[in-house]
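**Q** Here's my sequence, what's the structure:
(one chain, ligands or ions: 1)
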Amino acid sequence: MKIYKISHLAIIATLAIGVFSCSEKSTEQVTEQSGSTVTLKEAYADKFLVGATLGASMFTTPNHPSLALAKENFSAVTLDNDMKWERINPLPGKFNFEIADQFAQLGVDENISTVGHVLFWHSQTPDWVFKDDEGNLLTRDALLERMRERAKMFATRYGSRIKIWDVVNEAIEDDGTLRKSLYNQIIGDDFIEQAFIIADQEMPKDATLIYNDYGMNRIGRRDTVLAMVKEFQQKGVRIDGIGLQGHWGMVNPSAEIIDTTLTLYAATGLRLHITELDVDFLGRDGMTGADVDIEKLIATPENNPYSDGNVPAAAEDKFAARYKEIFQTFIKHQKSIDRVTFWGVTDGDSWLNGWPVVGRTNYPLLFKRDGSAKKAHDAVIDLVK
Ligand code: 9MR
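**A** The predicted structure is shown next:
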């Protein structure tokens, strides 16, 4: 079903045309031009924030259509890359704040919640971070100090303008063991705990501090996260939220598994954030999760079937049904969920055009490349109409 969201002005205009000319054609025209009145953020306003990721080009290209769409439809925004260590601080003492500054300001100007992504992640972190001037690995204390400086830098520059922080990203493997990153190697098995202690001490007191990962339904990772949260709570180490990335497929994880997973995480009492939602419309040849270090595949007619942009209606319907079951599950857990963020605004913005298959044309989000809303968008809104 197509939903037209009509602005108040348009409703008045539509009524006026109806009353004064009784012209159905004119009414249609006004409706078409006005776009929609119920946006995702409005529809879910009493449930949770609905967010999207923004990329650098949305700030550097004048009037970027995805930025306009984001402002109109979403109540939270995350930068996809430009707060990561390699982007904002590629060399010692060299900082690139242009994009992050505009992002933080956008939050204030548009009254949109901004998410800091990401304080500490093994990926997209330059080598120098872990080394001293002679190129030797830092000591534990020196790396902790470097992490503290980074947290301080963000807190000083953005303060309470950024209230939600992914403190640690992807530090736990599928099997529940700790990822053997340089953070882990240098600091030890309490790397995540130390990161949260630093964040608690340096970031604004009203910030929400999140542990974020993909494949959060996998039993190994899930149980380690649950045990870690329990331990932090017993020791008094502040952690406020659990971030489930949500890079999901058309079938897996099932709605049932998502439901059970959310129930278990909600029982910790922490706030739940779905941080990077997308549905891999084309499938991924058995690859799951979002590990950016895997060897990628080459696009073929089999794994890239809609490179011409023509998606059959039946496939769009299946995609809408998948988003519907996912959001039905989120609504069931709305008391525990603070935010659901999509990883991108339109299909054209998605990282899934390059992972795990290089250069394919994927369709994982609610807005098409031309900015129009999909059936899946309408299905998600219909759930709460
Ligand atoms: O969207 C990001 C993409 O542009 C980058 O190329 C990629 C590189 O690592 O990172 C993407 O974002 C990732 C996020 O930071 C953490 N979770 C997985 C996301 C998708 O890879």
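**Q** Show me which residues of this protein are close to the ligand?
**A** Where the chain comes near the ligand, counting by CB under 6 Å from any ligand atom, the residues are Asp80, Asn81, Ser123, Gln124, Asn169, Gln245, Glu276, Ala290, Val292, Trp351. The C-beta positions use only the backbone N, C-alpha and C, and glycine is treated the same way.
**Q** what sits against Leu137?
**A** Phe130, Lys131, Leu182, Gln185, Ile186 (CB atoms under 8 Å, 6 or more residues apart in numbering).
**Q** Closest one to the ligand out of those residues, please.
**A** For the contacts of Leu137, the closest approach to the ligand (CB to the nearest ligand atom) belongs to Leu182, at 15.8 Å.
**Q** Can you get me a residue count around the closest one?
**A** Burial of Leu182 is recorded as 17 neighbouring residues (other CB atoms under 10 Å).
**Q** what packs against the longest strand along the chain?
**A** Ranked by residue count and defined by DSSP state E, the top strand of the chain is strand 271-280. Secondary-structure packing of strand 271-280 (3 or more CB pairs under 8 Å, 6 or more residues apart in numbering; DSSP states H and E): strand 208-213, strand 241-244, strand 247-249, helix 255-266, helix 313-332, strand 337-342.
**Q** buried stuff in the fourth one?
**A** Same thing as helix 255-266. Within helix 255-266, the residues that count as buried by 16 or more other CB atoms under 10 Å are Ile258, Asp259, Thr261, Leu262, Leu264, Tyr265, Ala266.
**Q** residue contacts, the second one?
**A** If I follow you right, that is Asp259. Neighbours of Asp259 in contact, by CB under 8 Å, 6+ apart: Thr329, Lys332, His333.
**Q** same thing but at 7 Å, please
**A** Thr329, Lys332 (CB atoms under 7 Å, 6 or more residues apart in numbering).
**Q** on that earlier part again, could I get the helices and strands packed on strand 271-280 as CSV with distance to Gly116 and mean pLDDT?
**A** As requested, the helices and strands packed on strand 271-280 are arranged in CSV below (distance: least, CB to CB, whole Å; pLDDT from 0 to 100):
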stretch, distance to Gly116, mean pLDDT
strand 208-213, 9, 98
strand 241-244, 12, 98
strand 247-249, 20, 96
helix 255-266, 21, 98
helix 313-332, 23, 98
strand 337-342, 13, 98
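**Q** Give me the residues contacting stretch 114-123.
**A** 51, 76-79, 83-84, 103-104, 107, 147, 150-151, 154, 161-162, 164-170, 179, 181-183, 195, 199, 212, 292, 341.
**Q** how does it look with 6 Å?
**A** For stretch 114-123, the external contacting residues (CB atoms under 6 Å, 6 or more residues apart in numbering) are 77-78, 83, 104, 107, 162, 164-169, 181, 195, 292.
**Q** Could you find the lowest-pLDDT member of those?
**A** On pLDDT alone, Val292 ranks lowest of these, at 73.
**Q** ok, and the closest non-adjacent residue to it?
**A** Ser123 (5.6 Å; CB to CB, 6 or more residues apart in numbering).
**Q** got it, and Ala76?
**A** Gly51 (3.0 Å).
**Q** Could you give the separation of the helix or strand following the longest strand of the chain from the chain centroid?
**A** Going down the chain from strand 271-280, the next helix or strand is strand 297-298, by DSSP states H and E. Mean-position distance between strand 297-298 and its chain equals 25 Å (CA atoms, centre = their mean, to the nearest Å).
**Q** partners of strand 297-298 in the sheet?
**A** Within its sheet, strand 297-298 is paired with strand 357-358 (parallel), according to DSSP bridges.
**Q** contact partners of the strand it pairs with?
**A** With CB under 6 Å, 6+ apart as the criterion, strand 357-358 contacts Lys296, Leu297, Ala299, Asn303.
**Q** buried ones in the helix or strand just after that strand?
**A** On the C-terminal side of strand 357-358, the closest following helix or strand by DSSP H and E is helix 375-382. Of all the residues in helix 375-382, those buried under the rule 16+ other CB under 10 Å are Lys375, Ala376, His377, Asp378, Ala379, Val380, Ile381, Asp382.
**Q** what's the residue nearest to the first one when sequence neighbours are not counted in contact with, if anything?
**A** Looking back up the chat, that one is Lys375. Of all residues not flanking Lys375 in the chain, Ala320 sits nearest, at 4.1 Å (CB to CB, 6+ apart). Counting by CB under 6 Å, 6+ apart, Ala320 touches Lys375, Ala376, Ala379.
**Q** Can you list phi and psi of Ala70 for me?
**A** With angles defined as degrees, to the nearest 10, Ala70 sits at phi -60, psi -50.
**Q** How many residues are close by it?
**A** The burial count for Ala70: 26, using other CB under 10 Å.
**Q** That one and Asp175: what is the separation?
**A** 36 Å (CB to CB, to the nearest Å).
**Q** Equivalent analysis for Val167, please.
**A** Val167 is 22 Å from Asp175, where distance means CB to CB.
**Q** Strands along the stretch 51-200 of the chain, start to end?
**A** Secondary structure of the stretch 51-200 of the chain (DSSP state E, counting those that start in this stretch): strands located at 76-79, 113-116, 120-121, 164-169.
**Q** Could you look over the ones you listed and pick the most buried one?
**A** Highest mean neighbour count of the strands of the stretch 51-200 of the chain: strand 164-169, a mean of 26 (counted as mean count of other CB atoms under 10 Å).
**Q** and Gly51, what is it in contact with?
**A** Per CB under 6 Å, 6+ apart, neighbours of Gly51: Phe74, Ala76, Val77, Arg339, Thr341.
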